[in-house]
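S.K.: Could you look at this predicted model? Sequence included:
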Amino acid sequence: MCGIVGYNGKGNNTLRILIDGLKALEYRGYDSAGVAYKNNEINIVKSVGKINELEQKIDFDIDTCMGIGHTRWATHGEVNLTNSHPHHVGDVTIVHNGIIENFNEIKKELMNNGYKFNTTTDTEIACGLIDYYYKECNDIKEALVKFMDKVKGSYALGVMTKDSDTIYSVRKDSPLIIAKGENGNFIASDTIAVSKYADSVMYLEENIIAEITNDSITLFDKDLKEVESNFKLIDKSVDNTDKCGYDHYMLKEIHEQPKVFRDTVSPYLENGIDSLIDTMPDFTKYNRIDIVACGSAYHTGLVGKSLIEEFADVPVNVEVASEYRYKKNFYDDKTLVIVVSQSGETADTLAALRKAKDDNIDTLAIVNVEGSTMAREADVLLKIKAGREIAVATTKAYSAQVAMLSLIALNLANAKGNIDKEEIKEILKDIKELPVKIENTILNSDYTNIAEAIYKNDNIFFIGRGIDYALSMEGSLKLKEISYINSQAYAAGELKHGTISLIEEGTPVIGILTEEDLILKTISNIEEVKSRGAVTIGVTNSDINSKFDYKIEVPKVHKLLQPLLTVVPLQLISYEVAKLRECSIDQPKNLAKSVTVE
Ligand code: F6R
């Protein structure tokens with residue numbers, strides 16, 4: 001959450017570089033934004049709203065070679081101009097991503113030392129603390145060491161002082177990269193912010209101070225001894241941010257799913273099932289799997305649970321990371337903890353991973369972003385190949401995560417001899433044909449007429465059984481996050497234990513019916529809501545006739561792969577509903593793509 005960027009260079013297009021960087025980081029938060037730049041003194045320009053608003057306030061003719069910028073997702077303090085970053089106290093100006101947990105205690109101490117604060121943010125206090133130490137020891141690096149020792153919580157900082165032409169950075173539990181280009185040096189929350197201008201990049205480790213001048217980058221440990229840097233060339237191909245003619249990134253990313261599926265699974269299946277065995281870890285040594293994740297990634301875990309339990313006979317416990325990290329866990333040396341995350345930076349998921357590692361439990365990460373913290377810290381990485389996902393609501397990364405969990409289920413089922421050669425042949429054939437089937441599912445049905453029928457409703461329900469219940473949860477989350485309609489997912493058989501009282505004339509109920517053995521059961525639940533006035537929409541792989549008001553038929557494939565088709569109509573119905581409601585589809589209100597605070 002929040003995006004930071006900084007530039008120290010030789011060119012005089014600093015403000016353009018900062019604004020371009022912030023635009024690329026807007027997915028991390030878009031409540032307000034600001035930049036601080038140096039020309040003789042430090043100047044700050046801020047605005048409430050998206051980066052476009054800030055851009056309009058900036059005079060790009062100003063001659064400046066150094067600056068820091070910030071796009072905010074508010075944690076402490078409401079969204080307003082005063083609370084937006086950069087913050088400035090005394091001789092120090094900073095941008096911050098993270099949360100300073102002990103800011104109240106620090107605030108009191110600083111106020112006792114004569115400091116006055118204007119905002120309700122934790123960042124202004126962090127800035128005051130750095131200023132206090134800077135004045136005390138007259139050395140900004142020493143001040144940052146003291147700062148790191150004092151604060152609790154998470155931070156990635158870009159720091160400028162009144163007296164020097166250098167940017168300093170430190171981080172803990174929030175991501176930060178440093179990058180070099182022909183005309184200067186950079187810091188940012190994500191490589192995408194600087195890939196247009198920089199050539200090589202490295203991830204800043206915790207407890208390291210980066211000193212960035214216009215022609216050098218020097219790293220120091222907490223004893224202020226110089227440490228080595230390790231830059232790698234930036235892979236610019238992954239940072240394509242073109243919408244390619246689509247109205248929204250979300251739609252573009254939905255359309256990318258056939259390719260993403262192919263790219264994600266094919267490295268594991270070059271020589272059929274044998275290469276799957278060779279390229280994946282040996283899962284047979286585990287008698288329990290814990291899948292830990294947040295949001296949609298958590299929903300992929302629920303799909304994974306259904307598949308791994310059914311096909312591989314291994315019990316799977318799926319938990320929301322924000323709960324898992326603080327509860328008693330019953331894992332042991334025969335447990336594998338799998339974390340699932342698009343960004344690889346989600347604070348709670350990362351904390352769950354670190355907890356398992358601290359307890360010496362084997363860990364595996366299913367992650368999209370190369371080089372992210374989870375990708376680096378897990379014992380084993382299974383990288384999905386979704387490419388850059390820009391829409392805040394995940395679609396293609398969700399599918400790729402599901403695909404990876406399906407491969408794990410297949411691998412384990414095969415290793416345990418639970419599926420025979422014929423079935424494996426059938427699965428491999430379906431895998432080959434799946435991209436075309438996903439494409440047809442995207443193109444062949446009319447999702448707009450369903451959207452027209454439901455978009456004015458205040459409440460919408462999703463119901464399903466088994467794996468279809470896990471998909472209902474994803475469908476419901478997708479709808480509420482981008483269209484702001486209150487929607488709930490229910491296990492189809494559970495509705496009548498209370499929630500059915502909310503069904504009235506015209507309430508839309510979307511039933512998901514792909515589990516062969518359970519379709520008739522869910523049909524009965526559809527009939528129950530229908531007789532109470534619901535408008536019923538069926539998403540099914542069966543040709544069964546029921547009293548659906550609307551029906552979307554998806555191709556029937558092996559159960560290990562079915563969710564990858566079933567989710568498509570759910571994504572597109574949400575998209576069309578949000579479009580009709582004129583919502584900000586790619587950047588829904590209150591959300592941010594990378595949730596790096598707990
Ligand atoms: C919903 C969505 C979120 C993320 C969640 C976890 O569309 O995108 O629910 O799935 O914030 O994020 P990652 O996968 O980056 O850990």
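M.R.: Received it, and whenever you're ready, just let me know what you need. Numbering: from 1, shown residues only.

S.K.: how much space between the residue in the stretch 251-400 of the chain that the ligand sits nearest to and residue 477?
M.R.: With C-beta to the nearest ligand atom, the shortest gap between the stretch 251-400 of the chain and the ligand falls at residue 295, namely 1.9 Å. C-beta here means a position set from N, CA and C on the backbone, and glycine is covered the same way. Using C-beta to C-beta, to the nearest Å, we find residue 295 at a distance of 7 Å from residue 477.

S.K.: so how many other residues sit close to the residue of the stretch 251-400 of the chain closest to the ligand?
M.R.: Per other C-beta atoms under 10 Å, the neighbour tally for residue 295 reads 21.

S.K.: Looking at it now. What's its pLDDT?
M.R.: Predicted confidence (pLDDT) for residue 295: 98.

S.K.: Just list the residues touching it, thanks.
M.R.: Each residue near residue 295 by C-beta atoms under 8 Å, 6 or more residues apart in numbering is listed here: 394, 477, 595.

S.K.: among those, which are in reach of the ligand?
M.R.: Restricting those to those adjacent to the ligand (criterion: C-beta under 6 Å from any ligand atom) gives 394, 477, 595.

S.K.: how about the residues of the stretch 301-450 of the chain near the ligand?
M.R.: So the stretch 301-450 of the chain meets the ligand at 341, 342, 343, 346, 349, 393, 394 (C-beta under 6 Å from any ligand atom).

S.K.: re earlier: which of the ones next to the ligand among the contacts of residue 295 has the most neighbours?
M.R.: Busiest of those [other C-beta under 10 Å] is residue 394, holding 28 neighbours.

S.K.: got the residues of the stretch 1-150 of the chain near the ligand?
M.R.: Counting by C-beta under 6 Å from any ligand atom, the stretch 1-150 of the chain has no residue next to the ligand.

S.K.: And the helices in the stretch 1-150 of the chain?
M.R.: Using DSSP state H, counting those that start in this stretch, the helices of the stretch 1-150 of the chain run over residues 14-24, 51-57, 103-112, 122-137, 140-150.

S.K.: Specify the angle between the third one and helix 140-150 in degrees.
M.R.: Looking back up the chat, that one is helix 103-112. Taking axes from the mean of the first three to the mean of the last three C-alpha atoms, to 10 degrees, one finds helix 103-112 and helix 140-150 inclined to each other by 130 degrees.

S.K.: Could you tell me which residues within helix 103-112 count as buried?
M.R.: 103, 106, 107, 110 (16 or more other C-beta atoms under 10 Å).

S.K.: Got phi/psi on the residue of the stretch 251-400 of the chain closest to the ligand?
M.R.: The phi/psi pair for residue 295 (degrees, to the nearest 10) reads phi 60, psi -130.

S.K.: picking up where we left off before, so of the ones next to the ligand among the contacts of residue 295, which ones are in helices?
M.R.: Among these, the members found in helices (DSSP state H) are residue 477.

S.K.: could the ones next to the ligand among the contacts of residue 295 go into TSV alongside distance to residue 465 and pLDDT?
M.R.: Shown next, in TSV, are those (distance: C-beta to C-beta, whole Å; pLDDT from 0 to 100):
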residue	distance to residue 465	pLDDT
394	24	98
477	18	98
595	30	84
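
S.K.: right, and the helix or strand after the helix or strand containing residue 323?
M.R.: According to DSSP states H and E, residue 323 maps onto helix 321-324. Remark: after helix 321-324, the chain's next helix or strand is strand 335-341, criterion DSSP H and E.

S.K.: got a list of what residue 435 touches?
M.R.: Residue 435 neighbours (C-beta under 8 Å, 6+ apart): 258, 259, 261, 262.

S.K.: before we move on, what SS does it have?
M.R.: helix (DSSP: H, G, I helix; E, B strand; the rest coil).

S.K.: any idea how far the ligand is from it?
M.R.: Residue 435 sits 22 Å away from the ligand, going by C-beta to the nearest ligand atom, to the nearest Å.

S.K.: Can you give me the distance of that residue to residue 376?
M.R.: 30 Å.

S.K.: Generate TSV for the contacts of residue 435, with pLDDT and distance to the ligand as supplementary columns.
M.R.: Formatted as TSV, the contacts of residue 435 follow (pLDDT from 0 to 100; distance: C-beta to the nearest ligand atom, whole Å):
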residue	pLDDT	distance to the ligand
258	95	20
259	95	20
261	97	17
262	96	21
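
S.K.: Highest neighbour count among these?
M.R.: The most crowded member of the contacts of residue 435, judged by other C-beta under 10 Å, is residue 261 (26 neighbours).

S.K.: tell me which element it is part of?
M.R.: In the assignment (DSSP H and E), residue 261 maps to helix 257-265.

S.K.: Equivalent analysis for residue 432, please.
M.R.: For residue 432, the host element (DSSP H and E) is helix 421-444.

S.K.: Alpha carbons of the helix or strand following that helix, in CSV - could you do that?
M.R.: On the C-terminal side of helix 421-444, the closest following helix or strand by DSSP H and E is helix 447-454. Provided in CSV are the C-alpha atoms of helix 447-454 (Å, rounded to 0.1, in the frame of the first residue of the first chain):
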residue,chain,number,x,y,z
TYR,A,447,-22.7,-11.3,-20.1
THR,A,448,-24.2,-7.8,-20.7
ASN,A,449,-27.8,-9.0,-20.7
ILE,A,450,-27.3,-10.6,-17.3
ALA,A,451,-25.6,-7.5,-16.1
GLU,A,452,-28.5,-5.4,-17.4
ALA,A,453,-30.9,-7.6,-15.4
ILE,A,454,-29.1,-7.3,-12.1
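
S.K.: Contacts made by helix 447-454 with the rest, please.
M.R.: With C-beta under 8 Å, 6+ apart as the criterion, helix 447-454 contacts 460, 508, 535, 537, 549-550, 552, 569, 572-573, 575-577, 579-580.

S.K.: Return the members of the residues you listed classed as buried.
M.R.: Among the contacts of helix 447-454, the ones that count as buried by 16+ other C-beta under 10 Å are 460, 508, 535, 537, 550, 552, 569, 572-573, 575-577, 579.

S.K.: From the residues you listed, pick the one nearest residue 147.
M.R.: Distances from residue 147 to the buried ones among the contacts of helix 447-454, taken as C-beta to C-beta, are shortest for residue 575 (44.3 Å).

S.K.: Surely that closest one and residue 586 touch.
M.R.: No: contact criterion C-beta atoms under 8 Å: residue 575 and residue 586 do not qualify, at 10.5 Å.

S.K.: got any residues that touch both of the two?
M.R.: Joint contacts of residue 575 and residue 586 (C-beta under 8 Å, 6+ apart) are 248, 250.

S.K.: my guess is residue 441 contacts residue 569, does it?
M.R.: Yes: at 6.9 Å, residue 441 and residue 569 qualify as touching, with contact defined as C-beta under 8 Å.

S.K.: Pull up the overlap in contacts between the two.
M.R.: residue 554.

S.K.: can you count the residues close to the closest residue to the ligand within the stretch 51-200 of the chain?
M.R.: For the stretch 51-200 of the chain, the residue closest to the ligand is residue 175, as judged by C-beta to the nearest ligand atom, at 11.4 Å. Using other C-beta under 10 Å, residue 175 has 27 other residues around it.
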